[in-house]
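In: Give me a model of this one.
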Amino acid sequence: MVFYFESSVVSPPSIIFMGIDKYENEDLIKWGWPEDVWFHVDKVSSAHVYLRLKPEQTIDDIPSAVLEDAAQLVKANSIMGNKMNDVDIVYTMWANLKKTQGMEVGQVGFHKEREVRKIKVAKRINEVVNRLNKTKREEHPDFRAEREKRDRLEREDKKKLIRDQKEREKDEEKKRQEDAELRSYNSLMNTDNMSKYDDGNDSDDFM
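Out: Reported below is the predicted structural model:
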């Protein structure tokens with residue numbers, strides 16, 4: 001089971017979600033999307049919260065209000081973190097999560113520590129948490145099927161872009177050839193290059 005929330009501080013709302021337990025978190029780690037940003041309370045146990053970016057967005061494009069919503073949701077879903085003030089929330093792109101043999105269920109590391117960011121949450125803001133909880137819904141997604149569908153659509157989009165590019169190049173090459181032929185024809189038809197019939201005789205009479 002996955003809990004989905006809507007951050008309505010932007011329009012259209014951003015989607016934030018988290019697994020119900022560490023086993024769901026394991027599936028989210030395995031079948032996450034390249035557009036997903038992972039959030040967790042630093043150094044203490046908490047829910048794994050994800051923010052799904054829109055296509056072409058990067059981690060630098062996250063509005064500060066959405067970042068605050070995700071951080072508040074992580075803090076609220078941490079037994080220890082919810083009791084603490086001045087909590088650090090770490091976040092990074094899903095692709096930076098690293099899972100190795102020997103790690104416990106739901107445990108992750110990072111491929112590149114320098115790509116992990118932090119945001120400090122001074123205290124829980126009930127107004128934010130309550131607003132998010134009002135949008136909460138439960139779903140039972142097939143993580144693998146959804147990821148495979150996403151990848152299939154991405155491949156189809158890339159193939160279409162390649163086809164469109166080839167068509168544009170074909171049209172441009174055709175136009176270049178037509179322009180070259182037109183320039184060649186104009187050159188041949190230039191009066192300066194045309195032969196004149198002139199025998200030097202002004203008379204039209206023939207002997």
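In: Longest helix in the protein, please.
Out: The single longest helix within the chain, with elements called by DSSP state H, is helix 143-189.
In: what helices or strands is it leaning on?
Out: helix 22-30 (3 or more C-beta pairs under 8 Å, 6 or more residues apart in numbering; DSSP states H and E). Backbone N, C-alpha and C define where each C-beta goes, glycine included.
In: and the helix it packs on, what's its mean pLDDT?
Out: Per-residue pLDDT over helix 22-30 has a mean of 91.
In: next one: stretch 33-40
Out: Mean per-residue pLDDT for stretch 33-40: 97.
In: Send me that stretch as CSV with only the CA atoms.
Out: Only the C-alpha atoms of stretch 33-40 are listed here, as CSV (Å, rounded to 0.1, in the frame of the first residue of the first chain):
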residue,chain,number,x,y,z
TRP,A,33,11.3,6.7,-11.4
PRO,A,34,14.1,9.0,-12.6
GLU,A,35,11.7,11.8,-11.9
ASP,A,36,11.4,10.9,-8.2
VAL,A,37,13.1,12.8,-5.4
TRP,A,38,13.6,10.8,-2.1
PHE,A,39,13.3,12.4,1.3
HIS,A,40,14.2,11.1,4.8
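In: What are the boundaries of the strands in the chain?
Out: 2-7, 14-19, 36-41, 49-52, 87-93, 97-98, 109-110, 117-121, 137-139 (DSSP state E).
In: What are the structural domain limits within this protein?
Out: Using automatic domain parsing, the domain parsing of the chain gives 2-141, 143-191.
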